[in-house]
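[1] This is a predicted model, with the sequence first.
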Amino acid sequence: QVQLVESGGELVQAGDSLRLSCAASGRTVSSFYMGWFRQVPGKEREFVAFTWSSGSAAYADSAKGRFTISRDNAKNTVYLQMNSLKPEDTAVYYCTGTTRFKTLRPSDMDYWGKGTLVTVSS
């Protein structure tokens, strides 16, 4: 059974950097398509970043130029490096994965972590 466990969320100030980690068990990340979504109360879960097994990556417009997704296959971990954080980045960040990529919609992801809270103060 696949499990994804996020860590690294905390309270930071605007302009700070933060790195989120997603440790996978039950399957190697090299065989996964993996990504990050985020959600604030009352809003839908939204796409942040995604990486294919080839190493290609895609980012939401809000993340381009500031966030970087990467994976360490030896540690079976996926990371989200977030720089120049803004108050609007405040959300619960979820790690997700799928073995068969279809679209970047949350409904097309197979596995989810429980999330890690990122709070950016102004």
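    On my side now, so go ahead. As the structure is a prediction and not an experimental result, all values here were calculated from the model. Residues are numbered from 1 along each chain as shown.

[2] going forward, measure contacts and count neighbours with C-alpha atoms only.
    Noted.

[3] Where does S21 sit: helix, strand or coil?
    Classification of S21 using DSSP: H, G, I helix; E, B strand; the rest coil returns strand.

[4] my guess is D108 meets K102, correct?
    Yes. Between D108 and K102 there is a contact under C-alpha atoms under 8 Å: 6.3 Å.

[5] SS state for the residue found closest to G35 once you drop the neighbours it is linked to in the chain?
    Nearest non-adjacent residue to G35, counting by C-alpha to C-alpha, 6 or more residues apart in numbering: F50, 3.9 Å away. Secondary structure state of F50, per three-state DSSP, is strand.

[6] Tell me how far F50 lies from P41.
    According to C-alpha to C-alpha, to the nearest Å, F50 stands 22 Å off from P41.

[7] which of the two has more neighbours?
    F50 (24 against 8; other C-alpha atoms under 10 Å).

[8] okay, now D16: neighbour count?
    The criterion is other C-alpha under 10 Å. On that basis, D16 has 14 neighbouring residues.

[9] What of A14?
    Residues near A14, counting by other C-alpha under 10 Å: 17.

[10] Surely it touches V118?
    No. The criterion here is C-alpha under 8 Å, and A14 misses it with V118 at 11.5 Å.
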